[in-house]
Each structure stands twice: as structure tokens, then as C-alpha cells.
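Peer 1: Predicted model follows, preceded by the sequence.
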There are 2 protein chains.
Amino acid sequence: MDRHIHRRKKTAVVAQFGGPTSVINRTLFGVAYELRKKDFEVWGPIRGIDGIMNNDFLILSEFSDLKFNNIRRKPGSYLGTSKFNVNDDSAGEIADKLKAYGVNKFFMIGGDSTATIANRIKKATSKINHDIDIIHLPKTIDNDLVVTDHCPGYGSAALTVGKIAFGLDQENRSQGGIHIQVIMGRDSGFLAAASALLRTDGGPHLIYLPERSFELEFFLRDVEDVLSRTSNPSRAYIVVSEGIRKYFEEDGELKYKLIADIASEELNEKVENEENLGGISLSVGSSVMARYLSNKLQSAFPQERVRADVLGYVARSFPDVSVVDAFEAELVGRDGVKYSEMGSGSVIINRTGHLHTYSVNTEFVTLETVAGLTRSMPMNFIGSYGKDISEDFLDYAGPLIGPVPGFDTDHLLPLGWEHRFDYI
Amino acid sequence: MDRHIHRRKKTAVVAQFGGPTSVINRTLFGVAYELRKKDFEVWGPIRGIDGIMNNDFLILSEFSDLKFNNIRRKPGSYLGTSKFNVNDDSAGEIADKLKAYGVNKFFMIGGDSTATIANRIKKATSKINHDIDIIHLPKTIDNDLVVTDHCPGYGSAALTVGKIAFGLDQENRSQGGIHIQVIMGRDSGFLAAASALLRTDGGPHLIYLPERSFELEFFLRDVEDVLSRTSNPSRAYIVVSEGIRKYFEEDGELKYKLIADIASEELNEKVENEENLGGISLSVGSSVMARYLSNKLQSAFPQERVRADVLGYVARSFPDVSVVDAFEAELVGRDGVKYSEMGSGSVIINRTGHLHTYSVNTEFVTLETVAGLTRSMPMNFIGSYGKDISEDFLDYAGPLIGPVPGFDTDHLLPLGWEHRFDYI
């Protein structure tokens, strides 16, 4: 009885998963804002599944507008995230909790593995006959979800990578020598590719992506070529994705070995497994790889000053965001609430206009459509010989970073967008 | 005779030295703009002293306004820099060249060692009776020149460090664990200290500077304390200057050993000397130190996720600058031309108003005043126990980063400044 007095309202949970982005709190805001209009009580679990299991929630629907506006503008996941591994057993436990709390809607902001978890939990709730809509809202700086044109979080990270690469190219132009920058992106090169978005004076001269085989011999020849084409000073500014790898055929199958792994073997450094969800720790691997590549270059070009840096988390947490990305991150949150009337699923972004007429709409697909699947950079986004990006990539990614003051990026925020956000 | 037909105008050389900053081209612009008004021919040597010795100049006074406006807004040294070591012999050769070219004024944009070189060249020109004014214009992201209130280049680098630290603190807040960031600054902690300028949610929790002895035992205790004060997740975001060191007394003298050196000994890694002007290569040293500190922390706190990153050159080449810093960088260039009527010397910045009434003027001092001298952070800028900065530092550095959209930094560009720049 008591319980019904306190719980007149319908209840929704909105949670954040995986690595943060600079705009993930915009999606959180979009969901909470729309749900509040529908008179939902909105709960935000602290650290994702942990918060649900431990009954540790913030009541987001009680936050003041001022407070929410501050949260919305911060990078990082306001609610926190954790590495809770959800198998069929734990999905059952989560379903039990959601039923016990009387949750009617569950919004999960995350990448492809979050969609997999969403799918598992949805099946578990069906098993116990709990009626709940589970909505996956896309988020990843890697931009590697399938079906969607692009992912919220990518545009802002791409903008920061573009600005940093522009600056470091000017730095390299001043000082000469070889500068290598390692940029995040485990299996797709979208973020490393963004280093070309504000390219002005030639650099990055070379961009290596996980989508093409990295051959040390060709790499050294490419660098030699750049050094010979530049003068006074001779220089090369090079971007490599952390996930670059060497492909080979074995037993008729295409396999690969990460350059980070080759580097750690050669430098005899143990690269520990930091991530629960498989793979080596690329945070450590990147710095070993940076040293490995820098050693190889120093041997090949002893007269050049060689420097290698790892960018780390800077691009995914920088506070200055792409306006386009920020708006879209809110859009998927808001539209996700509308779509939830139709049941469970995932929100994707369609591009409906290109370049100067850039525009998008959203669509609702089944969880199975996106769960556990990732995509790489398409062929036509990669330049010939796999050591640069293509014009097609610039046309694709240019509008996502929005207008950049001081640069000739004349793709502006599409007219009329302000009408989609009634609180502006 | 031919020569006089081509050389009706007085000639000035303006050159860039040392590591670049995001606003060093603004000083170049300020000098060229004022000199052009005085009908000087303005030469820019490619790569500093190299360009002078090899007769390799750009004629800056012939650049279009549009071209110069583009250059002015770029980070990095447009003319390039090199590591030419100027002793008394080479100063004589440079003086000979300047006399042969008929150069009347020589503007040198750089740090304290540039002022030393300026002084040497001035003496050498006197010896051969060549009448020339040599003007040192301050530039350094380290902010370590003496007498001047602060140095052009610092404000913009500090702004970028502040934004990055804000973002990485939100990242650490989302994920938990220990994150260490190594930030440039060989002998002074000004740049590492800037990580606190936009501090919002507690981090950086600890900031270590070269001005205080770094004791591993106290460091681990400090981190333990932060971890115990944070919860769900427990976390610590830590900034260390690349130049942190352990001080000790030997033979009655205060000496020190860099933590980067201690790290490279313990990890048995050779840290090669990359810089001509002394010291170990901190670019390599920083990454060795990052691994060393991260290993120590992982042993002390095995349950925590530990990550260490080196920021590298990002902060000194980022294209988004502090408006205050950008204006001041132009100001020292422009005022330098005016002061050059008085002879040789160095331009310094005086602070004439504080906080909300922040204002500056410039002053002309002798080359000897600044040559070869550096300063550390003053005592009152460092927090108690040397593991943080003080309120006094925030009052000092806050106005230098200018207004930051989205943050409560209400120190605006001082009123009336636009009148000092007649091209606005």
C-alpha cells in the first residue's frame, strides 16, 4: 500500500555504459527531459549495472533545470560507468531487479556491446513476464556501430583530433623531424582519420588505419618519401591508429597481429590485459608501439629528430564539442523516448542531406540489428595505398564536426534545427 | 650602386627561436605590422640563425594583409626554428652577416637563452662598429622569464591544459581508478599548475611541481588519502610536471635528481640527450617516468585501474588560444618596435590591474636583465605540502587564460583594449 502512494508515477531508468564521450550527458539530458514531460519518474543508476544491482540511483526527474543544464555541458559520464559483464545469468538477476523496482522503460546509452546486453536483458524480462521497453541509444567515439550513418560522440572527438593534428602539424613544420601521434580506435580508423579534417599545410602526411595491413618496410619507405618531398626543414607528421595491424593468410583465412603486440614482443614488454571485454590493454600497448615505431625510424633516419606521442583520452573528454554532435546526441535521447511507445529497439541516425545541406533524421531498429556488430571504415574512405584518407571521407566527416571558428569549414548548423529543441 | 637602388629602405630582421607557442606568430605579426608603417623592409629568416647564415629570408613586408592575417592565427613558428648554438665565435659571424646585409634592427622572439644570444650578438656588432638595435621579445609556455609578470604563449598553453584537465577529471570521475598526466615544464611548474584553472569536481586532486621535492613515500600516501576520500568510484586524477625531482643536501649544497632520471635508472632505460641546450630528453624521460609512477601505484593499489599519459606538445600548439594571450603577444611585438627607437633591450609585461580590472602595460629593460635567467613558481603560488597550487596562483593565472565559454571565468577582456589595436 505504502509503495503505491510513493509510486504513483511510471518509472524509467536511464544508464550510461562503456567509455565516456564529450556529449554522452546530452543524450542523458534528452531522455530525462522528454520523460519528465510525460510525467515519468526518471532514475539514473550510479555506474550502470552496478547501480541497478545495488539499488543506487539518482532521481534525475527531481533535478533542477539549472543543475541539468550544467551536467548536460560536461564531458564524461555523469552517472559513471563500470565493467559489469552481463551473461544470461546476470541478465536474469537484472531483470528481477527491474521487475521488483517496477521499471517500465530502460534506456541504455552505449556501443555495440551495450546493445547486446540490452538484448539479453530484454529476453530475461520476457521470461519473467515483466513488461518493459528497453531502448539502446548509440554512443561511441570509435564511430563503429552498424546501420547508423554515424554515432553521437564521434563528431566531438573528431573535432578535437582535427584541431590537435592541425596544431601538431604546425609544430612539426616549425621544428622539422619526424613526429608520430598514436590515436585511439581499436578496430576502426574513423578517429585517426579525423586528423585530416583541418589539414592545411600538408600534415598529417601519412595516416595508418587498422583497416589496411601495416608493413614496416612500406612504412619506412613512405616516410622517406615524405622527408624527400619536404625541405628546410625536412619533416613528417604521421598519425597511426592504436589498432594498426599486420594482416596475413593462414590456413586459407585472413588473420592479423596487432603492431602493439609485435612491438611488445620485440621490446620484451609485457602488455597486460586491462579490459574485461577482450584484447590487450591498448593504453599500454600504444605507448610500447610508439617506442617501437620511433626506434625503427631513428635507426632508418639517424639524422632526424624523432618523437612519438600517445594522445590518450584527451579527445574523448575535451569540453569544447561539435555543435552538430551535441545536438544529435540530445536528439537520439529525445527521439528514443518517443520511439519507446513502440517497444524495445535501438535508435539510429540517417543522413538526409549532404555537405552544405547536411541534415539527419532518426529511425528505430530492432536491438538485434546493432547488437554485437561493428563496422570498419568503408573502402572509399581510405586513400590509395592505405596511407591516407580520401575525399569521400572528408565529405562524410566534415559536417559532423560542425563549424570551426578560424577554419574554412563552411558547413554550418543546418537551418531550422533550433525548432527541434523547444528549450532553446 | 645596384645595391642602393634595391635597398632604399631601412632593413629589419625578425626571427623566431626555441619551441613554438600558439601565439608566437602574433608577435611576428605585431613587429612586421609596425615596421611596415615605418617603411622598413622586413626580413624573416627561415629557421632563425640558420636563415641569417645561409641568406635564406622571406620578405615579410611584401606579404598581403590577407596572408599575414592567416599566418597570425596559426600556432607554431611560421618562420621555423632550429637549435643553432651561438657562442662568441658564431656571434661574430652573425654580426658580420647583419652588417653585410645592412640590417638596422633585429627582433628576436624567444625565451631566456634567446636573450643571452641577443646580448652576445649585440656585443659582436659593437666590436665591428655596426649600428644595430637588437630587441628581445618574450615567448615561452614555461612562463619562466624573470622580471616580466608573465610571458606571451603561457596563457594559451595554460588555457588548453586547463580544458584538458577538466575533461580528464570528468573522464576519471566516470570510470574511477588512478589517472596520472605528465605535463611539460622543465624547471618551473607554471604549466602543470594551470591544470587547476578550470577545476570543478575535485580533480586534479594532486599537482606535483619541480619547485618541491617529490618523495615517493609521501606521494603514495597522498594518493591513498585521495582514494579514501572519494567513493563509488574511488578515484584520483593526478598531474605531475615533467621536471619533478627529489632534492637533497650534499656537501652543504642543495642538489636534486630528476624523477625521470631515477625512473630511467630503475627501469634500466637509456634516456638520450635530445636537446642541445643541456638536460636529458624530457620527451622520452616523461614517458619513462609515467611508466615508473604507474608501476609504483599499481603495486601499492593493486585493486585500482592505473593509467598514465604524457600530454606532449598538444598544449603548446593547440589552435584555440587565450584572447588575452593573443593580444599581449601582438602588443609586445608592436611595442618592441616603438622601444627600438631607444636602442637594444627586452620587452617585459607589467600587470597594472588585477582580477576583474586586469590590465597590463609594457616596459623596456636591458638585455642583461633577462638573459639566461629563469624563475620558478613563487612560494605563495604553491599550496601547503607542495601537492597543490594556491588561491594566489588562481588569481594570478586566471585572467591570463581569458574568458572561457561554458565556464564561470568572469574575467573578460579588459575594456578599451580594442583601441590599442588600430586594425581591429
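Peer 2: Noted; the coordinates are in hand. Numbering: from 1, shown residues only, chains lettered A, B, ... in the order given.

Peer 1: can you list the domain ranges for chain A.
Peer 2: Listed domain ranges for chain A are A:2-153+A:319-373+A:409-420, A:155-316 (source: automatic domain parsing).

Peer 1: Count the residues that sit near A:Ser90.
Peer 2: 17 (other CB atoms under 10 Å in any protein chain shown). C-beta here means a position set from N, CA and C on the backbone, and glycine is covered the same way.

Peer 1: contacting residues for it?
Peer 2: A:Ile49, A:Phe84 (CB atoms under 8 Å, 6 or more residues apart in numbering or on different chains).

Peer 1: quick one: pLDDT of it?
Peer 2: As predicted, A:Ser90 sits at a pLDDT of 94.

Peer 1: can you map out the strands along chain A?
Peer 2: Along chain A, the stretches classed as strands by DSSP state E are A:10-16, A:40-45, A:57-59, A:103-110, A:133-138, A:177-183, A:206-208, A:235-241, A:245-250, A:253-258, A:306-310, A:345-353, A:359-365.

Peer 1: export those to a markdown table and tack on mean neighbour count?
Peer 2: Shown next, in a markdown table, are those (neighbours: other CB atoms under 10 Å in any protein chain shown):
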| stretch | mean neighbour count |
| --- | --- |
| strand A:10-16 | 24 |
| strand A:40-45 | 24 |
| strand A:57-59 | 15 |
| strand A:103-110 | 25 |
| strand A:133-138 | 28 |
| strand A:177-183 | 25 |
| strand A:206-208 | 25 |
| strand A:235-241 | 28 |
| strand A:245-250 | 13 |
| strand A:253-258 | 13 |
| strand A:306-310 | 24 |
| strand A:345-353 | 19 |
| strand A:359-365 | 16 |
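
Peer 1: B:Phe40: which of those is closest?
Peer 2: Smallest distance to B:Phe40 across those (CB to CB): 30.8 Å, for strand A:235-241.

Peer 1: Report the angle between the closest one and strand A:306-310.
Peer 2: Strand A:235-241 and strand A:306-310 are oriented at 30 degrees to each other (axes from the mean of the first three to the mean of the last three CA atoms, to 10 degrees).

Peer 1: just how off-centre is strand A:235-241 within its chain?
Peer 2: Relative to its chain's centre, strand A:235-241 lies at 22 Å (CA atoms, centre = their mean, to the nearest Å).

Peer 1: rewinding a little: now the domains of chain A in JSON lines, with distance to B:Tyr385?
Peer 2: Shown next, in JSON lines, are the domains of chain A (distance: least, CB to CB, whole Å):
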{"stretch": "domain A:2-153+A:319-373+A:409-420", "distance to B:Tyr385": "28"}
{"stretch": "domain A:155-316", "distance to B:Tyr385": "28"}
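
Peer 1: for the stretch 301-424 of chain A, which spans come out with low pLDDT?
Peer 2: Along the stretch 301-424 of chain A, segments meeting pLDDT under 70 span A:408-424.

Peer 1: go again using 50 as the cut-off
Peer 2: Counting by pLDDT under 50, the stretch 301-424 of chain A shows low-confidence ranges at A:410-424.

Peer 1: As a check, name the ranges of all helices in it.
Peer 2: Using DSSP state H, counting those that start in this stretch, the helices of the stretch 301-424 of chain A run over residues A:314-317, A:323-339, A:367-370, A:391-397.

Peer 1: buried ones in the last one?
Peer 2: Of the residues in helix A:391-397, those with enough neighbours to count as buried (16 or more other CB atoms under 10 Å in any protein chain shown) are A:Phe393, A:Leu394, A:Tyr396, A:Ala397.

Peer 1: can you give me the mean pLDDT across the longest helix seen in chain A?
Peer 2: When chain A is scanned for its longest helix (criterion: DSSP state H), the result is helix A:154-175. The average pLDDT within helix A:154-175 is 96.

Peer 1: Just the closest of the buried residues of helix A:391-397 to A:Gly51, please.
Peer 2: Once CB to CB is applied, the member of the buried residues of helix A:391-397 that ends up nearest A:Gly51 is A:Ala397, at 34.5 Å.

Peer 1: So A:His130 is in contact with A:Ala100, correct?
Peer 2: No - at 9.3 Å, A:His130 and A:Ala100 do not qualify as touching, with contact defined as CB atoms under 8 Å.

Peer 1: Quick one: closest of the strands of chain A to chain B.
Peer 2: Ranking those by distance to chain B, with CB to the nearest CB as the measure, places strand A:306-310 first at 3.8 Å.

Peer 1: which residues sit against the closest one?
Peer 2: Against strand A:306-310 from outside (CB under 8 Å, 6+ apart): A:177-182, A:242, A:286-287, A:290-291, A:293-294, A:297-298, B:283, B:309-310, B:312-314.

Peer 1: Isn't A:Asp88 up against A:Arg120?
Peer 2: Yes - between A:Asp88 and A:Arg120 a contact is recorded at 6.3 Å, counting by CB under 8 Å.

Peer 1: Those two: which has the busier surroundings?
Peer 2: Taking neighbours as other CB under 10 Å, A:Asp88 and A:Arg120 compare with A:Arg120 leading, 21 against 10.

Peer 1: ok, now which ones touch that one?
Peer 2: A:Arg120 sits next to A:Val86, A:Asn87, A:Asp88, A:Ala91 when contact means CB under 8 Å, 6+ apart.

Peer 1: at 7 Å what do you get?
Peer 2: Residues near A:Arg120 by CB atoms under 7 Å, 6 or more residues apart in numbering or on different chains: A:Val86, A:Asp88, A:Ala91.

Peer 1: And the residues you listed, which is closest to B:Lys338?
Peer 2: The shortest approach to B:Lys338 among those belongs to A:Val86, at 69.0 Å (CB to CB).

Peer 1: thought the closest one was touching A:Gly48?
Peer 2: No - assessed by CB atoms under 7 Å, A:Val86 is found out of contact with A:Gly48, at 9.7 Å.

Peer 1: Settle it for me: which of the two has more neighbours?
Peer 2: Ranked by neighbour count (other CB under 10 Å), A:Val86 and A:Gly48 place A:Gly48 first, with 25 against 20.

Peer 1: Next, work out how far apart the more buried one and A:Thr114 are.
Peer 2: 9 Å (CB to CB, to the nearest Å).

Peer 1: residues shared between the contacts of the two?
Peer 2: With contacts taken as CB under 7 Å, 6+ apart, the residues that reach both A:Gly48 and A:Thr114 are A:Phe17.

Peer 1: neighbours around A:Ser264, how many?
Peer 2: A:Ser264: 21 surrounding residues under other CB under 10 Å.

Peer 1: Quick check on A:Asn143: phi, psi?
Peer 2: phi 60, psi 40 (degrees, to the nearest 10).

Peer 1: Would you quantify the distance from it to chain B?
Peer 2: With distances taken as CB to the nearest CB, to the nearest Å, A:Asn143 is found 19 Å from chain B.

Peer 1: these two touch, right, that residue and A:Ala192?
Peer 2: No - counting by CB under 7 Å, A:Asn143 stays clear of A:Ala192, with 11.1 Å between them.

Peer 1: Report the closest residue of the stretch 101-250 of chain A relative to chain B.
Peer 2: Closest contact between the stretch 101-250 of chain A and chain B, by CB to the nearest CB, is at A:Gln170 (2.9 Å).
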